[in-house]
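J.: Let's see this in three dimensions:
(one chain, ligands or ions: 2)
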Amino acid sequence: MEKTKIILDCDPGHDDAVAILLAARDPGIELLGVTVVAGNQTLENTQRNARKVLQWCNCDVPVYAGCPGPLVREKIIAADIHGSTGLDGPVFPELTKPLENEHAVMFMIRTLLESQGDITVVTTGPMTNLAMAIRLEPRIIEKIRRIVLMGGSYTNGNVTPAAEFNIIADAEAAHICFGCGRPIVMVGLDVTRKALCYPEIVERMGKIGNRASDLFVALMGHFCRTQKEVFGWEGGPLHDPVTIAYLIDPSVLTLKPMNVQIDLRSTISYGRTNCDAFGYLQLPPTAEVAVDIDVQRFWDIVETGLRRYSEDDT
Ligand code: RIB
Ligand code: CA
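T.: Numbers count the residues shown, from 1 in each chain. Ligands and ions are numbered 1, 2, ... in the order given. Okay, here's the model as predicted:
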């Protein structure tokens, strides 16, 4: 089976951590590197968190630190959800996995330029690193096979009524990425808010009984509590892993081509992904937007992904 080569750009973040777990061991995915950006927490925390997760699961995937903040606007973080470390809850051993010396943006540029144009860039945080790479070296654009992002929504947001966190945290970066001309799959809140990690899901994954499932349970202990406190969810929406589940089995999502434009001008709607679901503007589609998710299939993919770590315990 030909593997899907990916760069995973993220801001761990509890849900980013689960996305890393799924991507690192799937036989159909070649995780070339994890690049990290400021988002849920500061870059110092998010890069450390990515290293902690990969070390926990014995995954020899390099981690590269990227941009410490957005291109234009002031930095925002999501400590209310992810805590002061960005990965509150689990207790990790001493961190020994090193951070690569190369900047994430330079890693993206070098890897894409050297490629055969077969790399998918997955972003599950603010799109600052990818936007910087595109601006710094436009030759990479034709080398990006496609962008699969967790972000936006064609309904409402989770930071403002209009805007979702990954987009509003660096709307200018999202604008650059959405305008680059490469195929885009937008996995927004419209579907990720259906992937609710209810207590019975946590119990189901906990029964697997390996390092990855233990980490999942510890992560969800914090994540689901804060999601209930802030949003009233009975189960935390597991946003980021939906991107990886889509790569593993595209049938898990239903996509609809839409013209998507990022609102940079408005005050009240700044950071909104304006998705022209009905073609009012008569403009060409710029993204495939996820409009539905097979929730059962998604959780089956998550369980299968966590079970892949059981061989470590043999
Ligand atoms: O809005 C949800 C997104 O913002 C997720 O990627 C979460 O990790 C945060 O980055
Ligand atoms: Ca994220």
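
J.: For the stretch 201-314 of the chain, list the residues in contact with ligand 2, please.
T.: D240 (CB under 5 Å from the ion). All C-beta atoms are positioned from the backbone trio N, CA, C, and that covers glycine.

J.: How about the contacts made by the residue of the stretch 201-314 of the chain found nearest ligand 1?
T.: Proximity to ligand 1, evaluated over the stretch 201-314 of the chain using CB to the nearest ligand atom, is greatest for H239 at 4.2 Å. By CB atoms under 8 Å, 6 or more residues apart in numbering, H239 lies in contact with D15, T124, M150, V187, L189, T192, A195.

J.: looking at this, it is in a helix?
T.: No. Counting by DSSP: H, G, I helix; E, B strand; the rest coil, H239 is located in no helix; its state is coil.

J.: Burial check on the nearest residue to it once chain neighbours are set aside, number of neighbours?
T.: Spatial nearest neighbour of H239, chain neighbours left out: T192 (4.0 Å); criterion: CB to CB, 6 or more residues apart in numbering. For T192, the neighbour count with other CB atoms under 10 Å is 25.

J.: Identify the residues contacting I268.
T.: Each residue near I268 by CB under 8 Å, 6+ apart is listed here: T160, P161, A162.

J.: quick one: secondary structure of the second one?
T.: Meaning P161. In three-state terms, and counting by three-state DSSP, P161 is coil.

J.: How about T120?
T.: Three-state call for T120 (three-state DSSP): strand.

J.: so what's it bridging to?
T.: I6, R146 (DSSP bridges).

J.: List the contacts of it.
T.: Contacts for T120 (CB under 8 Å, 6+ apart) come out as T4, K5, I6, I7, I144, R145, R146, I147, V148, L247.

J.: Please tell me how far the second one sits from L247.
T.: In this structure, K5 and L247 are separated by 10 Å, where distance is defined by CB to CB, to the nearest Å.

J.: all helices for the protein, in order.
T.: All helices of the chain, identified by DSSP state H, fall at 14-25, 43-56, 79-82, 104-114, 128-136, 165-168, 171-178, 189-192, 199-206, 211-231, 241-248, 295-307.

J.: gap between R308 and ligand 2?
T.: Using CB to the ion, to the nearest Å, R308 is found at 22 Å from ligand 2.

J.: For the chain, what lies in contact range of ligand 1?
T.: By the rule CB under 6 Å from any ligand atom, the part of the chain lying against ligand 1 is 11, 13, 15-16, 39-40, 78, 124-125, 150, 158, 164-166, 239-240.

J.: Please tell me I have it right and E100 contacts Y64.
T.: Yes. Contact criterion CB atoms under 8 Å: E100 and Y64 qualify, at 4.8 Å.

J.: More neighbours: the two, which one.
T.: Just comparing E100 and Y64: by other CB under 10 Å the higher neighbour count belongs to Y64, 24 against 17.
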